[in-house]
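Quick one, what's the 3D model for this:
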Amino acid sequence: MKYLAFTGTQRVRAARFEERSIVSVSAACVVANAMRERLGTLCGTEVDLRLWPPAIPNDDAWSAILRDAHVYVARGALADAAIVLRAPDERALAAVLFGEAPREEPQRALSRIESEVTRRAIAAIVPTLVPVCGETRLDESSQAIDAATYFELHLIAPVSLCIGIALSREPLPAATKRVDAALVRKTRVDARAELHLAPIAAQAVAALRPGDVLVARSARCVLRVNGAICARGTCGVRSRRYAFRAHRRS
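Below is the predicted model:
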């Protein structure tokens, strides 16, 4: 979605439109917290994790994200997702799943056993995507989706690695029900007429007693409904009752 943004620090700043993800940070935090707990169970140790908030990567950024990466695709009821593990991160995840420390082997590919264990771990964390994708399942037959937004989960402990989450679509705005006008008409609200008084000294205000008379500047007053001004008019007495006559709506 395009948002209006301003650049610079001066009072008059240049305006421009920029694309921002509408995936809420709170939804991504729910995913991050659930994935932290699931990874902690899989690894048998406490996991410290940080969230990089949702963003919309451009073509160059997306190419960099996918470079030397293994993509696991999950199909969801609301959106599809791609779990992106770059080669060093995949090796680090495999090592921690086996209870080992990651080794410095930049060119080493995972063994068949490591690949299978890692795949099963990914399948186990796919359900944590429910807040942004709905009910999900790992799709073994596909390795690509058209990504609309992206966020990252950075593990700090027990090992340093990054898990990227790409979504095929951003959430649709929630549909809201139209308010029934008949129900609103029956609603009781607090209405008050306010008029301006002539200036009075602060000392006189402090000395006010029941029965004292204050002079009004004029009969003009405003009608406030639940604190908001909705009409302007005059105050007076009609049929021995205080009344407000509306002249115009505000």
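
what residues does stretch 222-239 touch?
Contacts to stretch 222-239, defined as CB atoms under 8 Å, 6 or more residues apart in numbering, come from residues 189-195, 219-221, 242-250. Placement of C-beta: from N, CA and C, glycine included.

switch the cut-off to 6 Å
189-195, 219-221, 243-250 (CB atoms under 6 Å, 6 or more residues apart in numbering).

Ok, stretch 74-88 next?
68-73, 122, 126, 129, 133-139, 145, 164, 166-169.

returning to what we had before: in ChimeraX, select just the buried ones from the contacts of stretch 222-239.
ChimeraX command restricting the contacts of stretch 222-239 to the buried ones, with burial defined by 16 or more other CB atoms under 10 Å:
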select :193,221,244
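
Show me the contacts of stretch 74-88 that map onto strands.
Among those, the members falling in strands (DSSP state E) are 69, 70, 71, 72, 73, 136, 137, 138, 139, 164, 166, 167.

Which one of the residues you listed is nearest to residue 91?
residue 70 (10.3 Å; CB to CB).

where's the nearest residue to the closest one once chain neighbours are set aside, which helix or strand?
Nearest residue to residue 70, sequence neighbours excluded (CB to CB, 6 or more residues apart in numbering): residue 85, at 5.0 Å. Assigned by DSSP states H and E, residue 85 belongs to strand 81-86.

Specify the angle between the next helix or strand after that strand and strand 81-86 in degrees.
Sequence order places helix 87-97 as the next helix or strand after strand 81-86, per DSSP H and E. Relative orientation of helix 87-97 versus strand 81-86 (axes from the mean of the first three to the mean of the last three CA atoms, to 10 degrees): 90 degrees.

Now helix 87-97 - C-alpha only, PDB.
Extracted in PDB, the C-alpha atoms of helix 87-97 (Å, rounded to 0.1, in the frame of the first residue of the first chain):
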ATOM      1  CA  ALA A  87      22.800 -21.700   3.000                       C
ATOM      2  CA  PRO A  88      24.700 -20.600   6.100                       C
ATOM      3  CA  ASP A  89      21.500 -20.300   8.100                       C
ATOM      4  CA  GLU A  90      20.300 -23.700   6.900                       C
ATOM      5  CA  ARG A  91      23.600 -25.300   8.000                       C
ATOM      6  CA  ALA A  92      23.400 -23.400  11.400                       C
ATOM      7  CA  LEU A  93      19.800 -24.700  11.900                       C
ATOM      8  CA  ALA A  94      20.800 -28.200  11.000                       C
ATOM      9  CA  ALA A  95      23.700 -28.100  13.500                       C
ATOM     10  CA  VAL A  96      21.600 -26.800  16.400                       C
ATOM     11  CA  LEU A  97      18.900 -29.400  15.700                       C
END
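
returning to what we had before: just flag the most distant two among the ones in strands among the contacts of stretch 74-88.
So, those by CB to CB: farthest apart are 69 and 137, at 21.1 Å.

Show me which of the two is the more surrounded one.
residue 69 (17 against 13; other CB atoms under 10 Å).

who's in contact with the more buried one?
Residue 69 makes contacts with 84, 86, as judged by CB under 6 Å, 6+ apart.

Extract the residue ranges of the chain that are flagged as low pLDDT.
Within the chain, the ranges that satisfy pLDDT under 70 run 1-8, 15-20, 142-144, 171-179.
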